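**Q** Okay, here's the prediction I keep looking at, along with the sequence it came from:
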Amino acid sequence: MDIKTIILAAGQGTRMRSSKPKVLHKIADRALLHHVYDTSQQLDNNAIVIVYGHGGEQVKQELDQLEANWVEQKQQLGTGHAVQQAETFINDQDKVLILYGDVPLLKKTTIEQLLKNVSDCSIGLLTVDLDNPTGYGRIVRSEQGAVLKIVEEKDATEEEKLIVEGNTGIIATPGNLLKHWLSRLQNSNAQNEFYLTDIIEMAVKEGIEVKTNQPESQDEVLGVNDRQQLAHLERVYQLEQACKIMAMGVTLRDPSRIDVRGTFASLGQDIEVDINVLFEGCNTIGNNVTIGANSILKNAVIADDVVILANCIIEDAVVGAGSRIGPFARLRPQAQLASGVHIGNFVEIKKSTIDTGSKINHLSYIGDAKIGSKVNIGAGTITCNYDGVNKFNTVIEDDAFIGSDTQLIAPVTVGKGATIGAGSTITKDTPAQQLTLSRSKQISMKAWQRPEKQ
């Protein structure tokens, strides 16, 4: 059987108190719906249908990269009604999986176990035992343990409310049976809605077995209805990511204080990560790397034996082996550092290459530049690359020494082995192996009177 996954994403989410549709709120910088989609995409032979409603156009616009059939539920008349909107995409021979766009942490293994329950004479239902099942539909079973029906809390008797086994709403069923049951749904209940859960009682009456299984953790099936639940699942997700990378050989000083909002192309061994580090995009990190507290890495490539001190930002940049970055350094997009480079306090590098063994240790801006090997750039150096309209390149050749408080007015080239005197403003190319400086004459005025406050 092929799998047809229907993701219900039409709810408004009034308790979020937001103009944004609930399924667009994010965990780890990805929309809730995107998490559900990504998990279902891992299933083989699977086609996805997304049923949208409240704020639907915004949902489609922000997630237009998702390959799915989009179906609008113009009136929100219940979960059964939502699935009815996708009925034209259901084939009789399909295994149909019903998921929810606000339940982001469901695991592929849990889904696969659920799908194993589907046959010509059985359907699968995911349930969960809860310490406090308030708000959940209850699973009503016979004395022999067979599922009889699901009763929603608003329709439940006091005795039924004592049941701790709750309905997650996640169902897997043969396509032909689902279409048969959808056509028979009624809205004679407290909410005047068409409940998808009513198909469970229909199945039982027709002799179709309802097989259940449960997730490893309650958090897998928790939905997001308010900001507190969103924050809770964010931390659950982040702890899962922390455990994954620790299992790969990464030391985390505090697994509860790390955020992974992306992926890793590769992770080396003996990486040490201090507190409050944020990983975004897709990062590559080599062996024996140390990352200091409060640092942010986004789409970074970090080679072996690199030390990143506290409070650094590295985005779309490459750091060569044995380099030392920070503290408080920023590597902007297209910064490429060779091996053994030192970038220090409050240094910003943008769209520049820096060759082996060069050092920029203090309070400097290097942009649109090509820096050779074994170059030493003093504190307060600026490559003045922008004239207000166009940007120009600065070239500093091997073994050059740039004195502190130097401005290099691009386009300009500093020759190999050249020395630039501190406090210079360089507007022309400087020759190799020579000292170049530009300073106004220093004068002292005897008769000068310091202004006094009136």
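**A** That came through, no problem.

**Q** buried set for stretch 233-253?
**A** Buried positions in stretch 233-253, judged by neighbour count with 16 or more other C-beta atoms under 10 Å: 233-234, 236-238, 241-242, 245, 250, 252. All C-beta atoms are positioned from the backbone trio N, CA, C, and that covers glycine.

**Q** ok, now stretch 373-386?
**A** Of the residues in stretch 373-386, those scored as buried under the neighbour-count criterion (16+ other C-beta under 10 Å) are 373, 375-385.

**Q** quick one on the thing from earlier: in helices, which of the buried residues of stretch 233-253 appear?
**A** Secondary structure from DSSP state H places 233-234, 236-238, 241-242, 245 of those in helices.

**Q** I figured R332 hits E315, correct?
**A** Yes: taking contacts as C-beta atoms under 8 Å, R332 lies within contact range of E315: 6.1 Å.

**Q** one step back: with pLDDT added, can I get the buried residues of stretch 233-253 in JSON lines?
**A** Conversion of the buried residues of stretch 233-253 to JSON lines gives the following (pLDDT from 0 to 100):
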{"residue": "L233", "pLDDT": "97"}
{"residue": "E234", "pLDDT": "98"}
{"residue": "V236", "pLDDT": "97"}
{"residue": "Y237", "pLDDT": "98"}
{"residue": "Q238", "pLDDT": "98"}
{"residue": "Q241", "pLDDT": "97"}
{"residue": "A242", "pLDDT": "98"}
{"residue": "I245", "pLDDT": "97"}
{"residue": "V250", "pLDDT": "97"}
{"residue": "L252", "pLDDT": "98"}
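
**Q** just these now: which is nearest T394?
**A** Comparing these against T394 with C-beta to C-beta places V250 closest, at 37.6 Å.

**Q** The closest one bridge partners, please.
**A** On the basis of DSSP bridges, V250 takes part in beta bridges with I271.

**Q** my guess is it contacts V273, does it?
**A** Yes: at 6.2 Å, V250 and V273 qualify as touching, with contact defined as C-beta under 8 Å.

**Q** Flag the shaky bits of this structure, pLDDT-wise.
**A** Low-confidence segments of the chain, defined by pLDDT under 70: 1.

**Q** Which stretches in it count as helices?
**A** Listed in chain order, the helices of the chain (DSSP H) span 32-41, 56-62, 79-85, 108-115, 158-161, 175-182, 198-205, 227-247.

**Q** Would you mind reformatting those helices (as TSV) and adding columns for distance to S256 while you're at it?
**A** Supplementary listing: the helices of the chain in TSV, determined by distance: least, C-beta to C-beta, whole Å:
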stretch	distance to S256
helix 32-41	21
helix 56-62	30
helix 79-85	35
helix 108-115	24
helix 158-161	35
helix 175-182	42
helix 198-205	39
helix 227-247	7
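
**Q** between these, which gets nearest to R15?
**A** If you check each of the helices of the chain against R15 by C-beta to C-beta, helix 227-247 wins as the nearest, at 8.4 Å.

**Q** Could you tell me which other helices and strands that closest one packs against?
**A** In terms of contact count using 3 or more C-beta pairs under 8 Å, 6 or more residues apart in numbering; DSSP states H and E, helix 227-247 is assigned the packing partners strand 26-27, strand 250-252, strand 258-267.

**Q** The same query, at a cut-off of 10 Å, please.
**A** Under the contact criterion of 3 or more C-beta pairs under 10 Å, 6 or more residues apart in numbering; DSSP states H and E, the helices and strands touching helix 227-247 comprise strand 26-27, helix 32-41, strand 250-252, strand 258-267, strand 271-273, strand 277-285.

**Q** Can you list the strands that the last one pairs with?
**A** What that stands for is strand 277-285. Strands flanking strand 277-285 in the sheet, each with its direction: strand 258-267 (parallel), strand 296-298 (parallel), strand 301-302 (parallel) (DSSP bridges).

**Q** and among these, the most buried is which?
**A** strand 301-302 (a mean of 22; mean count of other C-beta atoms under 10 Å).

**Q** overlap in contacts of R332 and E315?
**A** With contacts taken as C-beta atoms under 10 Å, 6 or more residues apart in numbering, the residues that reach both R332 and E315 are K350.

**Q** Okay, and the beta partners of the spatially most central residue of the chain?
**A** Closest residue to the average C-alpha location of the chain: R261 at 2.9 Å, with C-alpha atoms, centre = their mean. Per DSSP bridges, the residues bridged to R261 are E280.

**Q** which residues does it contact?
**A** By C-beta under 10 Å, 6+ apart, R261 lies in contact with 26-30, 237-238, 241, 278-281, 298.

**Q** T14: which of the residues you listed is nearest?
**A** Distances from these to T14 were compared by C-beta to C-beta; the smallest belongs to K26, at 18.7 Å.

**Q** The closest residue in space to K107 that isn't next to it in sequence: neighbour count?
**A** Counting by C-beta to C-beta, 6 or more residues apart in numbering, K107 lies nearest to E220, which is 5.8 Å off, once chain neighbours are set aside. Summarising burial for E220: neighbours were counted as other C-beta atoms under 10 Å, giving 22.

**Q** cool, and Q454?
**A** Around Q454 sit 3 other residues, with neighbours defined as other C-beta under 10 Å.

**Q** Over to A418?
**A** For A418, the number of neighbouring residues by other C-beta under 10 Å comes to 23.

**Q** show me what contacts the nearest residue to I349 once chain neighbours are set aside?
**A** Ranked by C-beta to C-beta, 6+ apart and with sequence neighbours excluded, the top spatial neighbour of I349 is A335, at 4.2 Å. Neighbour list for A335: 300, 314-319, 343, 348-354, 366-367, 369 [criterion: C-beta under 10 Å, 6+ apart].
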